[in-house]
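# below is the structure, and that's it, no one-letter string:
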């Protein structure tokens, strides 16, 4: 299994580059991505594709909930859970 820090780092870098246009000001593992409008429908598609390709997991529609996508930490937890299931 991939180490948690590596998962969180990779997700964080992706989100800063793609969703936050490189501006990491005030961004950390617990930043609520929904509240700061970092994730919209288009960035959600990119994020899911990134996660599936990078971590070799399948994300079903039932996984696309705010509980799993609120922050880097919750996304990382979902990735770890799905990678164990593979």
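In hand now; what should we look at? These figures come from a predicted structure and were not determined experimentally. Numbers count the residues shown, from 1 in each chain.

# which residue is nearest the centroid of the protein?
Centrality entry for the chain: nearest residue to the mean C-alpha point is residue 75, 4.3 Å, by C-alpha atoms, centre = their mean.

# how far away is the spatially closest residue to that residue that is not a sequence neighbour from residue 77?
The shortest distance from residue 75 to any residue that is not its chain neighbour, by C-beta to C-beta, 6 or more residues apart in numbering, is 5.3 Å, and that residue is residue 11. C-beta: built from backbone N, CA, C; applies to glycine. Computed as C-beta to C-beta, to the nearest Å, the residue 11 to residue 77 distance reads 11 Å.

# what sits closest to residue 10 if chain neighbours are left out?
With C-beta to C-beta, 6+ apart as the measure, residue 54 is the residue that lies nearest to residue 10, at 6.2 Å, once sequence neighbours are left out.

# gap between that neighbour and residue 20?
The separation that residue 54 has from residue 20, given C-beta to C-beta, amounts to 18 Å.

# could you report the pLDDT at the residue nearest to residue 75?
Per-residue confidence for residue 11 comes out at a pLDDT of 95.

# just the element for it, please.
Per DSSP states H and E: residue 11 is located in helix 4-18.

# and that helix, which residues are buried?
Residues 7, 8, 10, 11, 12, 14, 15, 16 are the ones in helix 4-18 that count as buried (16 or more other C-beta atoms under 10 Å).

# same list (those) but as JSON lines, adding distance to residue 42.
As requested, the buried residues of helix 4-18 are exported to JSON lines (distance: C-beta to C-beta, whole Å):
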{"residue": "7", "distance to residue 42": "23"}
{"residue": "8", "distance to residue 42": "23"}
{"residue": "10", "distance to residue 42": "20"}
{"residue": "11", "distance to residue 42": "17"}
{"residue": "12", "distance to residue 42": "19"}
{"residue": "14", "distance to residue 42": "14"}
{"residue": "15", "distance to residue 42": "14"}
{"residue": "16", "distance to residue 42": "17"}
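
# picking that back up, I'd guessed the residue nearest to the centre of the chain sits against residue 10; true?
No - in this structure, residue 75 sits apart from residue 10 without contact. The criterion is C-beta atoms under 8 Å, and the distance is 10.3 Å.
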